[in-house]
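*Asks:* what's the 3D shape of this:
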Amino acid sequence: FDGNRYLDAKWCRWRLGRPRKIGGFKRITNRILGIPRKIHCFYINGQIITHVGSSNGIQQVVMDLDGNLISINDRTPAGFVGGLGVGFTFDAIFDTTSSVVQLIAHAVPDLQFLASFTKTVPFLGQIDATTPLNQFTAPPDLFGGAWTQPMPAGGIFCAQPYVLSFCRYGHVQWSAPNLPLTLGVTGGTSGAGEARVSAQKLVQGMALRGGGANSPAFLLWSMSELIGATFTSTATGTWAFTTISPSSSILSSDSIVEYDGLYFWAGIDRFLVYNGTVTEVPNGQNLDWFFDNLTPGYEAYSFAFKVPRYGEIWFCAPMYGATECSHAAIFNVRENCWYDTELPNGGRSAAYFAQGTRFPVLGGVEPGTGGYRLWLHEHGLDEVDGDVQSPIQSYFETGLFGGPKANPPSNQGFSLQQLEPDIEFTGDIDAYLIGRTNMRATPTNSTPRVLKVVPATTQEQFVAFKNTYRLASLHVESN
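*Replies:* Residues are numbered from 1 along each chain as shown. Sure, this is the predicted structure:
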């Protein structure tokens, strides 16, 4: 009653202040070995080389720019230890030793406990090969240093041209430029090295910028800090580390999104952004809804991704007792507003905004006949699961109108005679009124009326209601 805004919506975004149905999605494959936990995309010759990490391994899914499956290959390395709580980090880097782009991968059981201290060896392999990945082994040249096989508890990432790992007790390691196998080398002249930058476990790292051997920078998130790093010396492989915020928080290692040079993420009780300093992202719409209804113990399953076409950042999380991400709070950077939606098909588990195409790739949580699904979102209007095409329920409910909402307020009934629609739509739309005598009374719905996409008569260009309520809202639904 207090707000002058829409009351409810599902699978609906806002564009220039107006509701718009979110796009459809189509199945890329239903042969993923387990629930997808991490997705990485690489672009070559009109193809998207996608790697998917799941509880049962690592698979390569090759598709064209429209999401049509070309091939699928199992790249699970020997020594891979899976499980329902395993999380992944993926990245790619050019390797001057082999003159190919290497996929760097790491899997560790940290979904149940983000601060897990379990350590595992990372993997690598040529990104467009189809053979299993291999564990990091000793480099062919130590450059006068000593090598210890890297075993991070956090994960890996690349700040070109360096590979970095992050671990418990603030331990971070880096390779020599474009020599990923030198990760774990200390001493000598390669430029590889290590440092301890926090007492807390480091849970995520992201490149702030890349470039030549002496210009990269990156960010590290610990359980309670945000730490920045800039490269200072090629000769000694030295980084300057700065604690940007000593009292931050993070909900999940996959809850961070870079958007036009800004880094947004979900903390344990608010949304944050790094724009040179750490500040809270104002959210007067659904902050309490999101954090009050998270499923306890499954917060680390949350993930975030962006849809730049519509200026959106999606924060997906398990809510209302769900153990997979069931809902999303959406921040529209362009419109500077928040909205939310229930996720389809029981939820989603991972996402990657594929910069080489405008369609984000998301993982499904419901098993099919051959495995779990990988979906291409913002594609068309419907759900396309192989040969089965289904509509996607989408609706919005307007704010309240009637006597008590008028200016000045009135206690009289409010008569609604006719709706004159000015809507672009495909397929008929249902509309009905929701009436209340007061805010504590049980709402009642009017008889649904149909908005015909092709009116057969002049009368069908309008929708007649002829209802009287003290307070009312309008529900418009596409299904």
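*Asks:* strands of the stretch 251-400 of the chain, start to end?
*Replies:* Secondary structure of the stretch 251-400 of the chain (DSSP state E, counting those that start in this stretch): strands at 256-259, 262-266, 271-274, 278-280, 303-307, 312-317, 327-332, 337-342, 348-353, 360-367, 372-377, 383-385, 388-390, 394-397.
*Asks:* for residue 67, find the nearest of these.
*Replies:* Residue 67 sits nearest to strand 372-377 of all the strands of the stretch 251-400 of the chain, at 3.5 Å, using CB to CB. All C-beta spots, glycine's among them, are computed from the backbone N, C-alpha and C.
*Asks:* what packs against that closest one?
*Replies:* Packing partners of strand 372-377 (3 or more CB pairs under 8 Å, 6 or more residues apart in numbering; DSSP states H and E): strand 25-32, strand 36-44, strand 47-54, strand 360-367.
*Asks:* ok, which of the ones you listed comes nearest residue 203?
*Replies:* Set against residue 203 and scored by CB to CB, those come closest in strand 36-44, at 14.1 Å.
*Asks:* Throw the helices and strands packed on strand 372-377 into JSON lines and include mean pLDDT, thanks.
*Replies:* JSON lines is the format used below for the helices and strands packed on strand 372-377 (pLDDT from 0 to 100):
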{"stretch": "strand 25-32", "mean pLDDT": "97"}
{"stretch": "strand 36-44", "mean pLDDT": "96"}
{"stretch": "strand 47-54", "mean pLDDT": "97"}
{"stretch": "strand 360-367", "mean pLDDT": "96"}
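*Asks:* rebuild the ones you listed as a markdown table, extending it with mean neighbour count and distance to residue 405.
*Replies:* Shown next, in a markdown table, are the helices and strands packed on strand 372-377 (neighbours: other CB atoms under 10 Å; distance: least, CB to CB, whole Å):
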| stretch | mean neighbour count | distance to residue 405 |
| --- | --- | --- |
| strand 25-32 | 22 | 37 |
| strand 36-44 | 21 | 45 |
| strand 47-54 | 24 | 49 |
| strand 360-367 | 23 | 38 |
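*Asks:* which one of the strands of the stretch 251-400 of the chain lies closest to residue 127?
*Replies:* Nearest to residue 127, of all the strands of the stretch 251-400 of the chain, is strand 348-353, at 14.4 Å by CB to CB.
*Asks:* what strand or helix carries the residue of the chain most remote from its centre?
*Replies:* Distance from the centre of the chain peaks at residue 412, with 47.3 Å (CA atoms, centre = their mean). If you go by DSSP states H and E, residue 412 is not part of any helix or strand.
*Asks:* ok, it to residue 468 distance?
*Replies:* Using CB to CB, to the nearest Å, residue 412 is found at 10 Å from residue 468.
*Asks:* equivalent analysis for residue 393, please.
*Replies:* Using CB to CB, one gets 29 Å for the distance from residue 393 to residue 468.
*Asks:* contact partners for residue 434?
*Replies:* Applying CB atoms under 8 Å, 6 or more residues apart in numbering to residue 434 gives the contacts 397, 443, 444, 445, 446, 472, 473, 474, 475.
*Asks:* who wins on neighbours among these?
*Replies:* Counting neighbours by other CB atoms under 10 Å, the top entry in these is residue 472, with 23 neighbours.
*Asks:* and the helices in the protein, which stretches?
*Replies:* Assigned by DSSP state H, the chain shows helices spanning 287-292.
*Asks:* low-confidence bits of it, can you list those?
*Replies:* Within the chain, the ranges that satisfy pLDDT under 70 run 210-214, 234-237, 354.
*Asks:* mind running it again at 80?
*Replies:* 209-215, 233-237, 354 (pLDDT under 80).
*Asks:* can you put the strands of the stretch 251-400 of the chain in a markdown table and add distance to residue 439?
*Replies:* As requested, those are arranged in a markdown table below (distance: least, CB to CB, whole Å):
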| stretch | distance to residue 439 |
| --- | --- |
| strand 256-259 | 37 |
| strand 262-266 | 32 |
| strand 271-274 | 29 |
| strand 278-280 | 31 |
| strand 303-307 | 34 |
| strand 312-317 | 29 |
| strand 327-332 | 25 |
| strand 337-342 | 22 |
| strand 348-353 | 34 |
| strand 360-367 | 37 |
| strand 372-377 | 37 |
| strand 383-385 | 36 |
| strand 388-390 | 36 |
| strand 394-397 | 15 |
